[in-house]
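Engineer: only geometry, no sequence info:
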Ligand SMILES: Nc1ncnc2c1ncn2[C@@H]1O[C@H](COP(=O)(O)OP(=O)(O)OP(=O)(O)O)[C@@H](O)[C@H]1O
Ligand SMILES: Nc1ncnc2c1ncn2[C@@H]1O[C@H](COP(=O)(O)OP(=O)(O)OP(=O)(O)O)[C@@H](O)[C@H]1O
Ligand SMILES: NCCCCNCCCN
Ligand SMILES: [Mg+2]
Ligand SMILES: [Mg+2]
């Protein structure tokens, strides 16, 4: 076989694997979406026809929709806290040398890599036994604000490292004081990374089941509702709500990817 | 614009010293920049040029020494309050602002237009920014994003942004080093032109001695945190104060030799039987001597005989490496003009006009 | 090593054309590289130099045309099977290998030492790598990590890594562009020296015409995917085939004029009353003429009169911009040597030796 | 349309059927409260979440009877976590089958206080698809002994994903019925090990462990398995949906009977209202609806008047005397050892 | 008029200078930036984890109250039970979890590499579309992804039903039943994007001319992969592996639904203990093993990678 043929085969192999992977990533989701419109909502065969009834039932389920709004509220508050803390911490890490800096950084990454079960339990016994706080909405917010921090930290610090500090000096040089410099230059330049960090923290909170499970108290969040839906085998609503979420995320992601270079923030936070 | 007002001291550095922990970046230097002049600071990488410039602009405060601008001590004055503006090596244009917004930014921060409440300050700034974009030949580019411009155009935006504030001193840190050769040549000409059209002094930092020589009214040569020499380009090139300056500014041949003075005048002996008459009598005994490649002349009966080992054609001149018979360093000799009188392997002899060698103790 | 064996064709490009979608990067070029020669390809950015080089090394296959090395067609031969080696612009030293391991890598891949089972192939490779590190003056640096070396040293490692395989052609893509001026000059000298000590041809790609002229046996000038001229540096500089070549190689003044031939010989008229005698009779009628800055002579009674608007001191020469009285382009004139006979604002007149102007149709 | 701001909210942690809209609105109207019902899927979750602090957020929980003593034992600030029954508020108590009144006395009473009120009941055995599993004498052997029924059941058996239910079945199969006699289930360590080994040996034949009743029904319908440990209510539900092929078996070795019992948190600010709500769950009308919804009989025999004959046969008039041959749910001795053994089964 | 405006200007100037002075103190600006997160992390991460450590050394009594008396009982309980050590539930479950996490990690690595390589080499529209297709599942809820596989697997799940429907098989295939395979597939699907993004970041940062240099020096494609690409993308491989391995190790939801109760991973074991017995001591002690092994994994990993290289996530 000559060189060109080998090249072609290798290329074919690469594209083949990549294509197969996309199929792997998508098939179960597509099946689920199809099932959300199917009368028989738990498997494709025997196929019994199409219906929108599952969607009707889902959006009529005030408990489920309420839980979704609770989750959104938790995600928004906790991601905001994580973003504020994370951006400040990133500035410290990127700009200053200080004792125990590595430890600080490691501590900041840790919430992301501690298994949810363990973090959830630790928070539960901490809130309950040590602090005597009754778990609920706010304990989930607190837990998720810590959980979301690493995502902001990682994305923003790596953007920070490539941030050209001479931009700030240029602003100072042109007559801006430190605060104006931050407002006029630092923040706008970092904004896409900060936005990406917020988005990540938001999604991590919104999709978290296990931490919320332990510390939610009587608050109903979407994931715990979905969890019991799966456990009870209430597939129709589960399919419908899941499909709805995939759809919303797709639209938002498409908008975000057209508006800014989300892909590079997610995939390659080194920036350019 | 116009009419530089030379002769009056604008910036004065007095014993400026800057230490970073153990590192002494700038080791006590004094010089002054005059109103309206084009002053360059040159030296090898790491010699302290940027540190000096950042001290003037206010981003570093000196460990020791006094800096004053326009007679006012700058101690404790932050960068934004100084009458200096900087053109950064990597330009540092604000990527989230248009070209015009970049130029307007300094105006806005300085409260321009000040005094009475003008009708539309925004428009006034935009207008002035436009004038400065004209100055740098970028009319009509105001609405673009900086990233949509070529390297040379970005360079000019950076200039306009700094110039629009009409700083007493415009500080430029290697502004041309990221450009390619053609553009660099072009921008050199532009810089001179712009300097002439504005009133402020330019303080230009570079390790490229060619650019500095071409552009400057005066040059300061720096090495390892210390000043070696300050003066106009011709003086620096023709009368270098130290071997370092001779070597750094232009190409040169450095030898060690002994100075003998007798009835015939002064001569320097580089090795047994190799000696040249010299006019320079500044030094005596064991000396270092600098002879520029173009100061050698290929003659039939020179005192220095050697073999041509390399010949580099350079278009308007030809460069030779000559291995002398005597036990001295390889020579670099330049023959200017179209003629390339000798070739590799030729045995040649060279001589030097007595006014050419420069001696150092 | 030693004894270059010129005259025999080693690499032959025949009608090579490379398209990327709509872009024609290389537009049908033919040239050949001879065994042992130092051949440079120069041209402005984007003209197709790298594409040509990558075609030779096998990283691109030509859309049309034939490439052969040593008489063998290279169609379908992958890079690893070609007798070429590359020195990359950004060096591309393996950061996870020591200097010596970098140099040994190619040996290992080529199965050196081959034939019988040697006692300790590892050691044999290390030894040979050591020899090549010697060649590039890096003995004793083998155990370092490439990142622990200076730019110039890294450059030499890259050379050694490519040379150790004793390629028939060493391909170099802008290998000096990331170095600063002093180092670049130094490395030029090294490159020539190393080329002489090895047997292979060097194919050197650059946009820096100065370096190409200094180093090459022959130069090919490329523009927009096409070859403009191939020849030795002197020929290219003195007898450029096109205005593009004249302008790209060295500095020049380009004018349009009319050629008149009468009893006195041939003369070219640039404007009313401004004409020079010329030896070149290659063209006729309306022509473009190229006159190098150093070919003008400042004289008392030249035909071309103008005012000095700029004066750039350059050490061994001085550059003037002269605004002619006649309606022609601004001149660039170089006065070589120590003397700087005129100053800004002076009225001067210049003349040109008849053998200097080059005419183009 | 209620009284607005002054209506207290009663928070209940209980099984899904208790949230039935009809029952809920009737109770809200009758008692003058707003019910906030959180669904739970297991008694152990009800217990552990209350223990973890949620007793402060709920007024009522309705776990299985065996968890009531555990809750009585659990102290918060030196007091039991749950409050004694407000006898006056639970006026339907007397209408209950005697046997449940007896259980309440024997299991839920300490220091002269009663802490729990039974609501509905049922029992566990196993059930199977009569189309593929031939008739046989009801015995746990069907689940554990490969040769007991004349069919290849390998990979078609399910068990409960619950240490108490699954291990009890194995213990009964092994003939350790006497361990279920006292006030607690008392298996010796050796017996626990034997149970464990039996379950481990059974594991390769299992299709899986089933965690929730609806999953059992769905899976059985889909034919994923043909025989499995189950509650009676699942099968009754299938019968009422016109699936006549499932059969419910009451193994001769003994069945486990449960009755869900309501408790009120000691932290509740509306204890009386809470007991009134509980009382409503065993009224004739609500008890009948609850029975219908969950396919499990109420502890109040008066519910039969609200149901059809067919309904009564399935989940209305089930005589609790049948429970007397059965083994009531009870707390286990040495639960740690049970759980350890169970984990070993699951991880084997 | 003019006076008052200049007065306010002066005030502004004053406060502005104060602010500048305030910020110019390095310690203060360090405090402002590093401080809040530090407080947060100490109060909501370090403190709970430390407390968890101490809880792992105490017992819970019959009234389910913590008895503050140091004991090793919880650690003993982890290894309680008869038979050889490796048959004890905790050990088995731990080993199984490690094995599942390891296989998942390797699968993700092997599958993600080609795609990451292509993405890093290609730009333009295709890149955008593909990255969109990869990111979308990544941004949808984890639970949804696990659930979608729950539909696919099982004796009558979509895969088996489809195979049966088209007569490809007569009996549901056991390999598509719930169990370890299903868990690994589910976890791979769930955490694959982490690996992809890490690898992508690292491959994208790889100077491709190094690959060409290797080819130029005579190395074949596979040799180049082994000698150059893999060693140089090691940080990406390691960070991607950590981000897949660690959550897989402690996974709860996926094994819960895709294991059909027959598989007990360590996350479930801990959760169930707490759920049924409120065995916080036992749960804490078991957690220590995971946390310690994660810390060790990171300590080892950080000998090869710096935290900056983890940027991809
Ligand atoms: N913030 C700093 N901390 C420590 N050392 C520094 C710092 N800034 C500069 N230096 C050191 O001070 C010396 C002078 O640095 P400076 O940047 O002024 O050199 P330079 O002449 O501008 O060099 P170049 O031509 O490479 O830009 C160098 O040795 C440098 O390493
Ligand atoms: N892979 C490619 N795909 C599309 N166009 C390409 C590709 N590689 C090169 N080109 C285009 O081909 C032309 C020639 O490119 P090439 O890199 O050969 O130029 P060059 O002479 O080496 O320039 P430089 O001096 O800037 O390195 C350019 O217009 C370039 O944009
Ligand atoms: N269909 C719901 C049945 C509820 C049964 N409760 C059973 C309690 C046994 N743990
Ligand atoms: Mg500098
Ligand atoms: Mg190129």
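Structural biologist: Looks like it arrived, so ask away. All of these numbers come straight from a predicted model, not from anything done at the bench. Ligands and ions are numbered 1, 2, ... in the order given.

Engineer: who's in contact with residue 233?
Structural biologist: Chain wasn't specified; assuming chain A. A:42, D:212, D:214, D:215, D:218 (C-beta atoms under 8 Å, 6 or more residues apart in numbering or on different chains). To be clear about C-beta, it is placed using only N, CA and C from the backbone, and glycine gets the same treatment.

Engineer: oops, chain E please
Structural biologist: E:199, E:202, E:203, E:206.

Engineer: element containing the closest residue to it other than its chain neighbours, please.
Structural biologist: The shortest distance from residue E:233 to any residue other than its chain neighbours is 4.4 Å, reached at residue E:202 (C-beta to C-beta, 6 or more residues apart in numbering or on different chains). Element membership of residue E:202 [criterion: DSSP states H and E] is helix E:180-205.

Engineer: does anything pack onto that helix? Which helices or strands?
Structural biologist: If you count contacts as 3 or more C-beta pairs under 8 Å, 6 or more residues apart in numbering or on different chains; DSSP states H and E, helix E:180-205 packs onto helix A:3-36, helix A:262-267, helix E:89-121, helix E:124-139, helix E:142-152, helix E:234-249, helix E:253-258.

Engineer: of all residues in the stretch 51-200 of chain D, which one is closest to chain C?
Structural biologist: Of all residues in the stretch 51-200 of chain D, residue D:200 sits closest to chain C, at 49.7 Å by C-beta to the nearest C-beta.

Engineer: contact partners for that residue?
Structural biologist: Counting by C-beta under 8 Å, 6+ apart, residue D:200 has contacts D:344, D:345, D:348.

Engineer: try it again at 10 Å.
Structural biologist: Shown in contact with residue D:200 (C-beta atoms under 10 Å, 6 or more residues apart in numbering or on different chains): D:341, D:344, D:345, D:346, D:347, D:348, E:87.

Engineer: low-confidence stretches in the chain?
Structural biologist: Here I'm looking at chain A. A:1-3, A:234-235, A:259-272 (pLDDT under 70).

Engineer: meant chain E actually
Structural biologist: Those would be E:1-25, E:62-64, E:82, E:123-124, E:305-313, if you go by pLDDT under 70 across chain E.

Engineer: which residues does residue 216 contact?
Structural biologist: Went with chain A since none was named. A:70, A:74, A:120, A:124, A:135-137, A:139-140, A:143, A:209, A:223-224.

Engineer: think we crossed wires, I meant chain D
Structural biologist: A:233, D:127, D:158, D:160, D:210, D:224-225, D:228-231, D:234-235, D:237-238.

Engineer: what is the nearest of those residues to chain E?
Structural biologist: The nearest member of these to chain E, counting by C-beta to the nearest C-beta, is residue D:224 at 4.4 Å.

Engineer: tell me which element the residue of the stretch 51-200 of chain D closest to chain C is part of?
Structural biologist: Residue D:200 belongs to helix D:189-202 when assigned by DSSP H and E.

Engineer: and what of residue D:230?
Structural biologist: Going by DSSP H and E, residue D:230 is in strand D:227-231.

Engineer: residues in contact with residue D:344?
Structural biologist: D:193, D:196-197, D:199-200, E:80-83, E:87-93, E:264.

Engineer: do residue A:47 as well
Structural biologist: A:34, A:38, A:39, A:40, E:161, E:165.

Engineer: how much space is there between it and residue A:100?
Structural biologist: Per C-beta to C-beta, to the nearest Å, residue A:47 is found 62 Å from residue A:100.

Engineer: what does residue A:142 give?
Structural biologist: Taking C-beta to C-beta, one finds residue A:142 at 24 Å from residue A:100.

Engineer: so residue E:236 is in contact with residue E:203, correct?
Structural biologist: Yes - between residue E:236 and residue E:203 there is a contact at 6.7 Å, judged by C-beta atoms under 10 Å.

Engineer: can you list the domains in chain E?
Structural biologist: Listed by automatic domain parsing, the domain ranges of chain E are E:2-55, E:81-310.

Engineer: looking at these, which is buried most?
Structural biologist: domain E:81-310 (a mean of 21; mean count of other C-beta atoms under 10 Å in any protein chain shown).

Engineer: so is that one next to ligand 3?
Structural biologist: No - applying C-beta under 6 Å from any ligand atom, one finds domain E:81-310 separated from ligand 3 by no less than 12.3 Å.

Engineer: please name the nearest non-neighbouring residue to residue D:144.
Structural biologist: residue D:173 (5.0 Å).

Engineer: and that neighbour, what is it in contact with?
Structural biologist: D:139-145, D:195, D:198-199, D:202, D:251, D:253-254.

Engineer: and residue A:132, by the same measure?
Structural biologist: residue D:53.

Engineer: backbone dihedrals for whichever residue of the stretch 151-300 of chain D sits closest to ligand 2, please?
Structural biologist: At 54.8 Å from ligand 2, residue D:208 is the closest residue in the stretch 151-300 of chain D, using C-beta to the nearest ligand atom. Dihedral angles of residue D:208 (phi, psi; degrees, to the nearest 10) stand at phi 170, psi -180.

Engineer: what's the answer for the one 4 residues further on, then?
Structural biologist: The phi and psi values for residue D:212, taken as degrees, to the nearest 10, are phi -140, psi 150.

Engineer: in chain A, which residue sits nearest ligand 1?
Structural biologist: Closest point on chain A to ligand 1, by C-beta to the nearest ligand atom, is residue A:97, at 10.9 Å.

Engineer: and that residue, how far from residue A:87?
Structural biologist: 19 Å.

Engineer: again with residue A:183
Structural biologist: 14 Å.

Engineer: so the two - more neighbours on which side?
Structural biologist: residue A:87 (23 against 12; other C-beta atoms under 10 Å in any protein chain shown).

Engineer: returning to what we had before: let me know the secondary structure of the residue of chain A closest to ligand 1.
Structural biologist: With DSSP: H, G, I helix; E, B strand; the rest coil as the basis, residue A:97 sits in coil.

Engineer: contacts only, for it.
Structural biologist: E:26, E:30.

Engineer: make a markdown table out of the helices and strands packed on helix E:180-205 and add distance to chain B.
Structural biologist: Below are the helices and strands packed on helix E:180-205 laid out as a markdown table (distance: least, C-beta to the nearest C-beta, whole Å):
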| stretch | distance to chain B |
| --- | --- |
| helix A:3-36 | 31 |
| helix A:262-267 | 14 |
| helix E:89-121 | 23 |
| helix E:124-139 | 18 |
| helix E:142-152 | 35 |
| helix E:234-249 | 27 |
| helix E:253-258 | 41 |
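
Engineer: now the ones you listed in JSON lines, with distance to ligand 1?
Structural biologist: Shown next, in JSON lines, are the helices and strands packed on helix E:180-205 (distance: least, C-beta to the nearest ligand atom, whole Å):
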{"stretch": "helix A:3-36", "distance to ligand 1": "43"}
{"stretch": "helix A:262-267", "distance to ligand 1": "30"}
{"stretch": "helix E:89-121", "distance to ligand 1": "32"}
{"stretch": "helix E:124-139", "distance to ligand 1": "37"}
{"stretch": "helix E:142-152", "distance to ligand 1": "45"}
{"stretch": "helix E:234-249", "distance to ligand 1": "27"}
{"stretch": "helix E:253-258", "distance to ligand 1": "50"}
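
Engineer: tell me which residues of the helix or strand residue A:229 falls within come out buried.
Structural biologist: When elements are assigned from DSSP H and E, residue A:229 belongs to helix A:222-231. By 16 or more other C-beta atoms under 10 Å in any protein chain shown, the buried positions in helix A:222-231 come out as A:222, A:223, A:224, A:225, A:226, A:227, A:228, A:229, A:230.
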